[in-house]
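K.L.:
Give me a model of this one.
(chains A and B)
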Amino acid sequence: MSDTQKQIHLAAHFPGVNNTTVWSDPEAGSQIDFASFSHFARTAERAKFDFLFLAEGLRLREQGGEIYDLDVVGRPDTFTVLAALAAVTDRIGLAGTINSTFNEPYEVARQFASLDHLSAGRAAWNVVTSWDAFTGENFRRGGFLAEADRYTRAEQFLRTAWKLFDSWADGEVLADRESGRFLRTADAGTFAHRDQHFDIAGRFNVPRSPQGRPVIFQAGDSDQGREFAAATADAIFSRHSAPEAGRVFYRDVKGRLARHGRKPDELLILPAATFVLGDTDAEAEDRAHEVRRSQVSGQTAIKFLEHVWNRDLSGYDPDGPLPDIDPDTGEHTVARGRASVRMVRDPLATASEWRQRAKAEGLSIRELVIETSARQTFIGSPATVAAAVNAAVQSEASDGFILAPHLVPGGLDEFAATVVPLLQERGVFRTEYEGSTLRDHLGLRTPGA
Amino acid sequence: MSPSPTPSSPPAPLHLAVALDGAGWHPASWRDPRSRPDRLFTAGYWLEAVQEAERGLIDFVTFEDALSLQSTDPAGDDRRTDQVRGRLDAVLTASAVAPLTRHIGLVPTAVVTHTEPFHLAKAVATLDHVSRGRAGVRVRVSASAHEAAHFGRRTLPEFRPQDLGLPGTRELVRELFGEAADYVEVLRRLWDSWEDDAEIRDSATGRFIDRAKLHYIDFEGDRFSVKGPSITPRSPQGQPPVTALAHASVPYGLVASSADVGYITPHDAAGARAVTDEILTARDDAGRGGDTIHVFGDLVVFLDGTAAAAKARRQRLDETAGAPLTSDAEVFTGTPAELADLLVDWQRAGLTGYRLRPAVTAHDLPAISRGLVPELQSRGAFRRAYEADSLRGLLGLARPANRYARVRAGGQS
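P.N.:
As a prediction, this is how the structure comes out:
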């Protein structure tokens, strides 16, 4: 064991409303029952993972004017599930995605501070933004935000929440029965904040929580999103899980930290990753092929293509060639409520690139979609996967991974039982939790009030 | 209307709830030697309290909450340091208790004036999923200017109790409660926005859900509109019970139009009768004549082995606090047997249950579960075992049919 080896961070994403989840598998359980969440969380905790992660959506996705029905639809409330998981776990971090557009800082800050208290210091907040009127139709304010303003609001939201978290000093609650002093001072929780988006003042009503503030995660990949993360986040969810792209992203984001007065180890880079295991590499490849076919049915492939083409492509044969018509570059109306649609910044270029690739490699629509959207990050025997995970981290393609298995609730079991012990043998992953808070697991310092 | 029971006939079983707030409802409760005020902000504190209530076969517990710091001054901040200040989010606290309890209902308070009905609908539905059918919610209106300032989205005039009779204040109260009624309507529509069997996992067609069984709620009101459907599938109870505390006619109207359980604060049997009649009449006027609405009396309780001991304890706490206890609710001081007499007596005035507020949680909650409950059981007035797995079941409320499924079925016939 070399003591220059980086320690790997591992987290588990409970998979849901996307085509990662293979709901048709006979072993697939409920996506809603709490038993699924507790099984998943306990498996991750037994494997000493850093945290469990829940995504969020605030409106059911639609395609062609109808609710999308091919993938898992429906999920529970993030805060409520995480609070319940706090009761059935002891150490694992509890990370939830909460939108900064359709919430208010006072309420979100008290929910996260409460979660941090109830979990004894294990809360993390993945700050996401939205702006669209589609999601806004479920909320009092409607679609009130211009796309360009979403990060401004997110950053001001976060700074406002920090002010609320910091409005109670550590040790403010004396609860001293003898002297009759419950609070140390009459000013606990006093705050005032005013900026472009928020003008609030008064008293925050949750005492400072074990971590001071929840750990902050960010997922943005645009230049603005990366800069926001470099300025404010403790960890960044990246989608660059391939080694070379990972290293480029890693260098870029870590390089942005200095101008915000931060050190490289103050922001962890954690790409989302999928995996398929087998007793041998060949067996894993076979299983991976099966999983991909289950994730991308012919119908799913057509729907996926419609995200780029912004047209009804239901007349096309998924086993045939890509459409030779160009995407409709007007306002995107076919698929609504999907983050992946926003990733396609230039549909014409994407379509042209995909057509060329399909032609060159002889891929059908379904095969092309599998190649572009459903490639697993890690495929192989436990030894192969452990080596690949470790190589990525040691070569600074990431600080670890957020693993999204394709099965609920048991999709993590095999990884926990076979890959984790190999990483532990290599001395690159903990065998016991060293601390009790998520900040401890991530090696982040607890901020002073 | 069933005839009043004769004095010799056994009373109908009562429903009992316990209201949890801080270390108890007396401002000095946290200084009682049995209290553990240093643990108020831990999950363990709340779990122990709820488990104690569950030991007493209590129907449900409520968790107080607000979007502001506690204060004795209704107009704002009292800057006191000698009382419990700070509290955890009630929905999250209830949820953190859910997996480690089995039968008792969990009813967090939610402020409806500043929050999003979409968020609360999925949170309470999720609490129902994680507790397997034991969730409810207590909706609370906030007319406080300083609470509004924590959100900065609307400005409310400074609220003073003495202004309640003024036309402007009356109008504001009516508006806020009207908004609350809309809010509850949105909760209920969102809870029904998924039919029970919407998830089909049909491998043949590749569909996870039958989208015909998901419904846009298309709510349009004066204050907000909500499209729907919910992101959370229908929960075990379908509609978790909605509850509200009410002290005057406008709030009684909210109970009558929107709630399954109303908490009122009578000070004698005649008062209980008058308010219960008003609520049930308003319920009939609102077209809910067929619906059960429970009317619970709220009482602050000091319970000891002798009335003198209870009185002396109350006095000691008052001295510690520096002022006699004041409350919107009647304060009962005495023995479990005396309290049982009162509960059975007022029940004849139309109350179907009570929400007891322990003056000191660490003292009066065990006195309820281990003293009052056996006393009521010996009179045939309280359950001897949990007879149902859901909160609705405990309250004798049927699981409601989904309104959208009903419409769909009707349309097909």
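K.L.:
Chain B versus residue A:223, what's the distance?
P.N.:
Per CB to the nearest CB, to the nearest Å, residue A:223 is found 30 Å from chain B. All C-beta spots, glycine's among them, are computed from the backbone N, C-alpha and C.
K.L.:
distance of that residue from residue B:217?
P.N.:
39 Å (CB to CB, to the nearest Å).
K.L.:
Who has more neighbours out of the two?
P.N.:
More crowded of residue A:223 and residue B:217, by other CB atoms under 10 Å in any protein chain shown: residue B:217, with 24 against 10.
K.L.:
hang on, the more buried one packs against residue B:193?
P.N.:
Yes. Contact criterion CB atoms under 8 Å: residue B:217 and residue B:193 qualify, at 5.5 Å.
K.L.:
Just the strands from the stretch 51-200 of chain B, written as ranges.
P.N.:
Along the stretch 51-200 of chain B, counting by DSSP state E, counting those that start in this stretch, strands occupy B:60-63, B:105-111, B:137-140, B:199-202.
K.L.:
pull the CA atoms of the first one into CSV?
P.N.:
Going back to what we said before, that points to strand B:60-63. Extracted in CSV, the C-alpha atoms of strand B:60-63 (Å, rounded to 0.1, in the frame of the first residue of the first chain):
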residue,chain,number,x,y,z
PHE,B,60,-52.3,10.2,16.9
VAL,B,61,-49.8,12.8,17.9
THR,B,62,-49.6,16.3,16.4
PHE,B,63,-46.3,18.2,16.0
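K.L.:
Can you tell me the strand partners of that strand and which way each runs?
P.N.:
Strand B:60-63 has its sheet partners listed here by DSSP bridges as strand B:15-20 (parallel), strand B:105-111 (parallel).
K.L.:
and what of the third one?
P.N.:
For strand B:137-140, the paired strands and their directions (DSSP bridges) are strand B:105-111 (parallel), strand B:242-245 (parallel).
K.L.:
In CSV, list these along with mean pLDDT, mean neighbour count and distance to residue B:290.
P.N.:
Shown next, in CSV, are these (pLDDT from 0 to 100; neighbours: other CB atoms under 10 Å in any protein chain shown; distance: least, CB to CB, whole Å):
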stretch, mean pLDDT, mean neighbour count, distance to residue B:290
strand B:105-111, 98, 26, 23
strand B:242-245, 98, 25, 17
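K.L.:
residue contacts, residue 304?
P.N.:
All of this is about chain A. A:19, A:296, A:369, A:373 (CB atoms under 8 Å, 6 or more residues apart in numbering or on different chains).
K.L.:
look at chain B instead
P.N.:
Residues in contact with residue B:304 (CB under 8 Å, 6+ apart) are B:310, B:313, B:334-335, B:367.
K.L.:
Equivalent analysis for residue A:226, please.
P.N.:
Taking CB under 8 Å, 6+ apart, one finds A:220, A:236, A:252-253, A:256 in contact with residue A:226.
K.L.:
Give the burial count for residue 381, as a bare number.
P.N.:
Since no chain was named, I'll use chain A. Residue A:381: 19 neighbours (other CB under 10 Å).
K.L.:
Actually, chain B is the one I wanted.
P.N.:
The number of residues packed near residue B:381 is 19, by other CB under 10 Å.
K.L.:
Check residue A:237 too.
P.N.:
Using other CB under 10 Å, residue A:237 is surrounded by 25 other residues.
K.L.:
coming back round to it: output the strands of the stretch 51-200 of chain B in TSV; the columns should cover distance to residue B:49.
P.N.:
As requested, those are arranged in TSV below (distance: least, CB to CB, whole Å):
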stretch	distance to residue B:49
strand B:60-63	7
strand B:105-111	12
strand B:137-140	17
strand B:199-202	36
